[in-house]
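> The sequence isn't on hand, but the structure is:
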């Protein structure tokens, strides 16, 4: 049974502590966060971690349910990561991916509705309302295949061809293998995303090849695969007692189930607001977080 996770950090952890050719790892920390940067630089590294070559930034902090403040160094850490990954100039399209009707999958739509969109504000209007120098930003909540009948990659390709962004920022729910990372982790990468992976419904991959534009993806793990969780718990229990962790029986139906925190509605609400604020702050750096919150 494969251990299911969308986090490059967890994939790297499962490989152990040995150095891997083509994988470079660095960390930095603050009082309220720890950031791990994994760069996959060649094909060997991509094969070892089963991830496309590129940069993966994982930021861990307190649970969203433990602290309602979103303007501290955690927001700054996410904003700085977004700034590092996106082109410095040019229009940006933000795409919220997921199903707003399913709470663990509602992160993307929640972020998309809070993006400060500016593409429609011309120079003359900017001067009239006192908001000059705005970077052109557009936003879309793409829905899911079951609602639209259209693959998300196809929707984004069509929209991007109309607005011609220098990059697309996608936001979606992810899956973790570790309960401790649910609702307290943000992963950013420049390699694209497979929508629906966080809720066990992986669709056509969204990347520069499929869409035609650079993709910066942002995600928060909101679910753990039940089989993965049960396997880890059973192995830990068996190892503690008799060191035979591989012999535990796990109900096969677990393969079709996902586990999410009880307070997932609060997690989605606060994570959506935090990520939207970080994206807005990165795209409009001349505004303070408080000003951005007012514009949101």
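Everything's here; your move. Quick caveat, the model's predicted, so the values are computed rather than measured. Numbering: from 1, shown residues only.

> The helix ranked longest in the chain: which residues count as buried?
Secondary structure of the chain per DSSP state H: the longest helix is helix 264-283. Under the neighbour-count criterion of 16 or more other CB atoms under 10 Å, helix 264-283 has 264, 267-283 buried. Any C-beta I mention is one placed from the backbone N, CA and C, and that applies to glycine too.

> how far out from the middle of the chain is that helix?
Chain-centre distance of helix 264-283: 11 Å, with CA atoms, centre = their mean, to the nearest Å.

> what is the mean pLDDT for it?
Averaged across helix 264-283, pLDDT comes to 95.

> which helices and strands does that helix pack with?
helix 73-85, helix 107-112, strand 215-225, helix 289-295 (3 or more CB pairs under 8 Å, 6 or more residues apart in numbering; DSSP states H and E).

> could I get the ones you listed as JSON lines with distance to residue 187 and mean neighbour count?
Shown next, in JSON lines, are the helices and strands packed on helix 264-283 (distance: least, CB to CB, whole Å; neighbours: other CB atoms under 10 Å):
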{"stretch": "helix 73-85", "distance to residue 187": "10", "mean neighbour count": "20"}
{"stretch": "helix 107-112", "distance to residue 187": "12", "mean neighbour count": "28"}
{"stretch": "strand 215-225", "distance to residue 187": "5", "mean neighbour count": "26"}
{"stretch": "helix 289-295", "distance to residue 187": "22", "mean neighbour count": "15"}
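
> Dump the ones you listed to CSV, plus distance to residue 60 and mean pLDDT.
As requested, the helices and strands packed on helix 264-283 are exported to CSV (distance: least, CB to CB, whole Å; pLDDT from 0 to 100):
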stretch, distance to residue 60, mean pLDDT
helix 73-85, 10, 95
helix 107-112, 17, 97
strand 215-225, 11, 94
helix 289-295, 21, 88
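
> quick one: contacts for residue 283?
Counting by CB atoms under 8 Å, 6 or more residues apart in numbering, residue 283 makes contact with 82, 86, 92, 116, 135, 137.

> hang on, the fifth one in a helix?
It refers to residue 135. No. Assessed with DSSP: H, G, I helix; E, B strand; the rest coil, residue 135 is coil; it does not lie in a helix.

> tell me the pLDDT at it?
96.

> and it, how far is that from residue 94?
12 Å (CB to CB, to the nearest Å).

> Which residue of these two possesses the greater neighbour count?
Higher neighbour count among residue 135 and residue 94: residue 94, with 28 against 17, using other CB atoms under 10 Å.

> What lies in contact with the helix or strand hosting that one?
Using DSSP states H and E, residue 94 sits within strand 92-97. Contact partners of strand 92-97, identified using CB under 8 Å, 6+ apart, comprise 86, 107-113, 115, 135-142, 144, 152, 156, 159-160, 163, 165-172, 193, 195, 206, 213, 279, 283.

> which of those count as buried?
Buried, going by 16+ other CB under 10 Å: 86, 107-112, 115, 135-142, 144, 152, 156, 159-160, 163, 165, 167-172, 193, 195, 206, 213, 279, 283, out of the contacts of strand 92-97.

> ok, for residue 161, nearest residue in space, not its chain neighbours?
Leaving aside its sequence neighbours, residue 161 sits nearest to residue 212 (CB to CB, 6 or more residues apart in numbering; 7.4 Å).

> Same question for residue 168.
The shortest distance from residue 168 to any non-neighbouring residue, by CB to CB, 6+ apart, is to residue 93 (4.7 Å).

> Give me the three-state assignment for the closest residue to residue 160 other than its chain neighbours.
Leaving aside its sequence neighbours, residue 160 sits nearest to residue 213 (CB to CB, 6+ apart; 4.9 Å). Assigned by three-state DSSP, the conformation of residue 213 is coil.
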